[in-house]
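**Q** predicted model, plus sequence, below.
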Amino acid sequence: MTSGDYSRGTPDTAPGEAKPHLSRAERRRLEREAQKAPEQALPPSGLAGRLPPALREKAATGGFRLAVGFLLLGFVILGLSQTIPHDYGFLELGWLFPFSVYDLVLAMLGLGVAVGMAASTRRAALIVAVFVVVMLPMLMFFDLIFTAVRESPLGNYLFLIAPGAVVSTGLVLWLPGRVRDHAALFASAFVSFAMSLFIGLDDMGVGIADFASGTLFSSIWLVAAPGFVLRQFAGPWLKIPARIVGSWLVVIAIVVTVSLYVPTVPFAPPPPQLGSDVEQNTMDMAPDGSLPGDVIPQDILPQDVSPDDGMPDEAMPQDPPGDDGGDPSGTSQQGEAPPP
């Protein structure tokens, strides 16, 4: 052993001490730890320094960054679409269309909560996959499928499809663990079927491929983006907020159904009181809507109406002229015979 070995030392030995026998892998590990030590000693700066340690560690993972980036991407597209004046394309109109169906937007956000509460990533992905698998054939063969649905007994209750989808999603969030994961698959298919009906019955609908594609992408984002972000913080704490959201979804579906489909009593103004000015004016009003004493301006009368008798000239009786333009009966207006 040379004197240089004693003077340099290692991360575990002081200079001048004998260096122990280390393998090459251990020496590399010690060198990496020595390089990381100064970086770990510095406190994080900026926003990361103000985050709690647990959230800071979660934000450093690739899954968290991917989920948040996917969520922010949709908001960026939506914000640019609404703030920049431009001509809308069919793909962009399709992206915006699901936001107009507000009750199904709530149902899809409820599905996102179910995705966040799924027992595993595989089950969460399965909920999104069922949503896509139901919507794709509905958009591709909508006319054939809708004709079959309309001619079936379900055709008489199509108005209950959207409220039923919202109720099913709300009830899913009240179910426990494994049962919730299985029920979420049914709710995902139900919501996807309802959304497909709204897309297909729109004026542009499935006839324009760009529009249908935009609605598909937007619907997937509404289900998957919030769900993947919630999965980063999944835990027992999410059970109570999920049940609150589920309760609100059920209540909203009931209120919307009642307000839209239950007939209401038509409003009629109260009848006029006897002796009132309104009744007196109504009784005195002529069939043409004028009141006694009204003067009709001459410039609004028809050209063929005489102001004296109010009768059109062609409607007045005319005596047929004779050979000489007189009375054809041979008598004059004074009762005398015409001269020879």
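**A** That came in fine, so what should we check first?

**Q** C-alpha only now, for contacts and for neighbours.
**A** OK.

**Q** excluding chain neighbours, give the residue nearest to residue 108 in space.
**A** residue 223 (5.2 Å; C-alpha to C-alpha, 6 or more residues apart in numbering).

**Q** which residues are in contact with that neighbour?
**A** Going by C-alpha atoms under 8 Å, 6 or more residues apart in numbering, residue 223 touches 108, 109, 110, 111, 112, 115, 128.

**Q** ok, so of those, who is nearest residue 68?
**A** Nearest to residue 68, judged by C-alpha to C-alpha, of the contacts of residue 223 is residue 112 at 13.9 Å.

**Q** what packs against the helix or strand hosting the closest one?
**A** Secondary structure assigned from DSSP states H and E places residue 112 in helix 102-116. Applying 3 or more C-alpha pairs under 8 Å, 6 or more residues apart in numbering; DSSP states H and E, one finds that helix 102-116 contacts helix 121-140, helix 161-172, helix 177-200, helix 209-231, helix 239-261.

**Q** from these, which stretch is densest packed?
**A** helix 161-172 (a mean of 24; mean count of other C-alpha atoms under 10 Å).

**Q** what about that helix, average pLDDT?
**A** Average pLDDT, helix 161-172: 93.

**Q** what lies in contact with that helix?
**A** Residues contacting helix 161-172 (C-alpha under 8 Å, 6+ apart): 103-104, 106-107, 110-111, 114, 180, 183-184, 187, 190-191, 194-195, 243, 245-250, 253-254, 256-257.

**Q** how far off helix 239-261 does it point, in degrees?
**A** For helix 161-172 against helix 239-261, the angle by axes from the mean of the first three to the mean of the last three C-alpha atoms, to 10 degrees is 160 degrees.

**Q** can I get helix 161-172 as CSV, trimmed to CA atoms?
**A** Output of helix 161-172 as CSV, limited to C-alpha atoms (Å, rounded to 0.1, in the frame of the first residue of the first chain):
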residue,chain,number,x,y,z
ILE,A,161,-81.9,7.5,-19.6
ALA,A,162,-80.0,10.6,-18.5
PRO,A,163,-81.4,10.9,-14.9
GLY,A,164,-81.0,7.2,-14.5
ALA,A,165,-77.3,7.4,-15.5
VAL,A,166,-76.8,10.1,-12.8
VAL,A,167,-78.6,8.1,-10.1
SER,A,168,-76.6,5.0,-10.9
THR,A,169,-73.3,6.8,-10.6
GLY,A,170,-74.4,8.3,-7.3
LEU,A,171,-75.5,5.0,-5.8
VAL,A,172,-72.2,3.4,-6.9
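
**Q** tell me if I am right that residue 118 is in a strand.
**A** No: read with DSSP: H, G, I helix; E, B strand; the rest coil, residue 118 is coil and lies in no strand.

**Q** do you know how far the residue nearest to it when sequence neighbours are not counted is from residue 149?
**A** In this structure, residue 118 finds its nearest non-sequential neighbour in residue 124, 5.4 Å apart by C-alpha to C-alpha, 6+ apart. If you measure residue 124 against residue 149 using C-alpha to C-alpha, to the nearest Å, the figure is 29 Å.

**Q** how about residue 101?
**A** Residue 101 is 21 Å from residue 149, by C-alpha to C-alpha.

**Q** before we move on, what about residue 173?
**A** Using C-alpha to C-alpha, residue 173 is found at 28 Å from residue 149.

**Q** more neighbours: which of these two?
**A** residue 173 (28 against 14; other C-alpha atoms under 10 Å).

**Q** for that one, what are its contacts?
**A** Residues near residue 173 by C-alpha under 8 Å, 6+ apart: 110, 113, 114, 180, 242, 243, 245, 246.

**Q** my read: the fifth one touches residue 112, true?
**A** No: contact status for residue 242 versus residue 112: not in contact, 10.5 Å apart, counting by C-alpha atoms under 8 Å.

**Q** who touches stretch 93-107?
**A** 78, 162-163, 165-166, 169-170, 191, 194-195, 210-219, 222, 249, 253.

**Q** so for the residue nearest to residue 108, what's the pLDDT?
**A** pLDDT, residue 223: 95.

**Q** now the one 10 residues further on
**A** The pLDDT attached to residue 233 in the predicted structure is 85.

**Q** quick one, phi psi at it?
**A** phi -120, psi 20 (degrees, to the nearest 10).

**Q** one more: residue 87?
**A** phi -90, psi 130.

**Q** that's a helix at residue 175, yeah?
**A** No: judged by three-state DSSP, residue 175 forms no part of a helix; its state is coil.

**Q** that older thread, dump the residue contacts of the residue nearest to residue 118.
**A** So residue 124 contacts 114, 115, 116, 118 (C-alpha under 8 Å, 6+ apart).

**Q** and the residues you listed, which is closest to residue 30?
**A** Nearest member of these to residue 30, counting by C-alpha to C-alpha, is residue 116, at 40.5 Å.

**Q** is the closest one in contact with residue 235, as I believe?
**A** No: assessed by C-alpha under 8 Å, residue 116 is found out of contact with residue 235, at 9.6 Å.
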